[in-house]
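1. dropping a prediction and its sequence here:
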Amino acid sequence: MEQSLRIGLFDAGMTHLHRVGLAGLYMTLKRFEENNVSFDNASWTLSPQKVELAWSESASDFLEALFGASFGINKDGLIDFAAHRGHAIGDLERISLSEAVRMTFLQHNKQNMIPKGTPSKQRNFDFGDKTVTVSYKPFVKPYAHMEASKLLVTKTGKLRARSAIKGWLCLGAAKRHSSLAATQIEETPRGLVCLLYAPVACLYYRLYHRAQDGGFDARRGTAIVLPYIHDLESYARCYGRYLQTPVEHLSADGLGDAGLSALVALRAGDALEQLGITGCTVTTMGTVTWSSQQKTRTAVANMEDIDDKRLDLFDHAWRCIPNRKVVREGKPTKKDPNPENTYFIATSLSRGLIADNIAAGENWYEGFTRLMQSKELGKRVSYERGGLMKMVKETAWDHETDRKLVAAVHAAIRNRYGMLASRAKQRGEQPRFDREFERMRTGLMRAKNAQTLRAELADLFARGGLNKTLQESWAEILPLFTGPDWQRARDLALLALASYAGRGAEQIETGVEDEGQEG
């Protein structure tokens, strides 16, 4: 007797995770068609809005064969999804993808089946004139997805009406009370198949975010991006662009940075409407103090109605302040006189804030004060002054007065640094631009209302001497930091301080070293 599963993109109960999973199933079956892969007594039908599976014999045999062919492990111990085969995925990028899946959907030994104590594998890669070593955990046994048919089929070979699911299938899913069966989450066969294929079509980004003390925020480990899909065929085409993304583009600062990076990668010059994508949901997985042994879902952000204009602005910000591939050279010790070099991707604090603002429909510099609230963060942001200056100069401003205030503060800083350099030269000393930078930062950070901000800016302009930019725009600039929008003025003044890249800025000693976050 013929049996079938028909799964529509907009069926009842289909969340964004289910839809991404349906896209993963679509891409897998499409790949099978391209390679003439078939299964006995089974067939499927694909369309932009639905997928239908049909079989005439045992459901257990068909699903076991389907899952076994869909999910695999390559000779290097890395996850090998059938839907990804045929795409030009680099070796570093393949390691990044495998590790992302291992640290999210397959983080538990019961699902990844990696025996405890399994040693990490290492691969060497050439980064210019240096060789770096990359370590990863290899898969050595079939993981949960490869043997998932037993979740859907009874012992008699029939599909279960509903099946219990846990966090490895749906992030955050858990049984509320272990002694009460009614508190567990259940799924239909249609929904369960979609959840099984979700890892195939998600987008993954490694997160590196600095907290206020300058250290990495362990709560932001990996971001999983779920695009809002309206057309399976279009999404299958543009997902291939993501698979070819270089590894330095696969890291982000936070949720907004990861979500918009994913949409830019999928779009690749096309209009979002043509791709059938209207936004995305971003989930972060990281370590929390009360559960340090596993990766926990720590945040969720929904980015709806993202249009091409906002995505163009983020793309511009990424080009101004890109990620950097940084080699961390091993330091010789008595025990290890020839240590290996490693690497990490340095992301951008300021671009992370810009991305969050773009996603929320705010001014791109909104809340810049948060990036300057500590001396350590101020030092980190100073690394990005060149890119921030490009943003200031090349971005179309919604309010011309905002641009003029930044320009006036730049002029005041330039004049002030010039005075310091002149005095230091007369005394035969080195000018302490770093001390003046910190004095200006703390002064602006102390401003908690319009009155105190007005006093700080008046002092900054007074110390800067003659300021032609300020003179020409005084009537426009004054209401900005004396009226109700004083917080915006403070953000702009601190943006100007962080983005100043003229004479003297390059001599500021930050006193911080690039260092990567441990996996």
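-> Sure, I can see it. Keep in mind that what you see is a predicted model, and the values were worked out from it rather than measured.

2. in the sheet, who's paired with residue 207?
-> On the basis of DSSP bridges, residue 207 is bridged to residue 252.

3. the stretch 51-200 of the chain: strands as residue ranges?
-> For the stretch 51-200 of the chain, applying DSSP state E, counting those that start in this stretch gives strands covering 71-73, 79-81, 121-127, 130-136, 163-165, 185-187.

4. mean neighbour count, these: which tops it?
-> strand 79-81 (a mean of 21; mean count of other CB atoms under 10 Å). Bear in mind the C-beta positions are built from the backbone N, C-alpha and C, glycine included.

5. from the chain's centroid, how far away is stretch 124-135?
-> Computed by CA atoms, centre = their mean, to the nearest Å, the chain-centroid distance of stretch 124-135 equals 24 Å.

6. just stretch 481-490 next, same as before
-> Relative to its parent chain, stretch 481-490 has a centroid offset of 32 Å by CA atoms, centre = their mean.

7. contacts for that stretch next, please.
-> Here stretch 481-490 makes contact (CB atoms under 8 Å, 6 or more residues apart in numbering) with 363, 366, 369, 402, 405, 444, 447, 449-450, 453-454, 457, 480, 493.

8. just the buried subset of those, please.
-> Neighbour-count burial (16 or more other CB atoms under 10 Å) applied to the contacts of stretch 481-490 gives 363, 366, 369, 402, 405, 444, 447, 450, 453-454, 457, 480, 493.

9. mind checking which of the residues you listed are in helices?
-> 402, 405, 444, 450, 453-454, 457, 480, 493 (DSSP state H).

10. sort those by pLDDT and name the bottom one.
-> Here the lowest pLDDT out of these sits on residue 480, with 85.

11. nearest spatial neighbour of it, skipping sequence neighbours?
-> residue 489 (4.9 Å; CB to CB, 6 or more residues apart in numbering).

12. from residue 498, how far off is that neighbour?
-> 15 Å (CB to CB, to the nearest Å).

13. about what we covered before: want to throw the ones in helices among the buried ones among the contacts of stretch 481-490 into CSV with distance to residue 217?
-> Formatted as CSV, these follow (distance: CB to CB, whole Å):
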residue, distance to residue 217
402, 29
405, 31
444, 24
450, 32
453, 29
454, 34
457, 32
480, 33
493, 26
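
14. can you list contacts of the lowest-mean-pLDDT helix or strand in the chain?
-> Ranked by mean pLDDT, DSSP states H and E, the weakest helix or strand in the chain is helix 272-275, scoring a mean of 75. The contact list for helix 272-275 (CB under 8 Å, 6+ apart) reads 231, 234-235, 238, 263, 266-267, 278, 306-308, 311.

15. got a winner among the residues you listed for most neighbours?
-> In terms of neighbours by other CB atoms under 10 Å, the contacts of helix 272-275 top out with residue 263 at 28 neighbours.

16. got the buried residues for stretch 243-251?
-> Those would be 243, 245, 247-251, for stretch 243-251 by 16+ other CB under 10 Å.

17. ok, residues contacting that stretch?
-> Residues from elsewhere that reach stretch 243-251 (CB under 8 Å, 6+ apart): 84, 87-90, 92-93, 96, 204-208, 261, 265, 322-325, 345, 347.

18. now the helices for the stretch 401-519 of the chain?
-> Remark: helices assigned in the stretch 401-519 of the chain by DSSP state H, counting those that start in this stretch are 433-446, 450-464, 468-482, 486-499.

19. kindly format the C-alpha coordinates of the third one as PDB.
-> These are the backbone C-alpha positions of helix 468-482, laid out as PDB (Å, rounded to 0.1, in the frame of the first residue of the first chain):
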ATOM      1  CA  LYS A 468      36.100  77.000  11.200                       C
ATOM      2  CA  THR A 469      33.600  74.100  10.900                       C
ATOM      3  CA  LEU A 470      32.000  75.000  14.200                       C
ATOM      4  CA  GLN A 471      31.800  78.700  13.200                       C
ATOM      5  CA  GLU A 472      30.100  77.900   9.900                       C
ATOM      6  CA  SER A 473      27.500  75.500  11.400                       C
ATOM      7  CA  TRP A 474      27.000  76.900  14.900                       C
ATOM      8  CA  ALA A 475      23.400  77.800  14.500                       C
ATOM      9  CA  GLU A 476      22.500  74.300  13.300                       C
ATOM     10  CA  ILE A 477      24.700  72.400  15.800                       C
ATOM     11  CA  LEU A 478      23.800  74.200  19.000                       C
ATOM     12  CA  PRO A 479      20.200  73.000  19.300                       C
ATOM     13  CA  LEU A 480      21.400  69.400  18.900                       C
ATOM     14  CA  PHE A 481      23.300  69.300  22.200                       C
ATOM     15  CA  THR A 482      21.200  71.800  24.100                       C
END
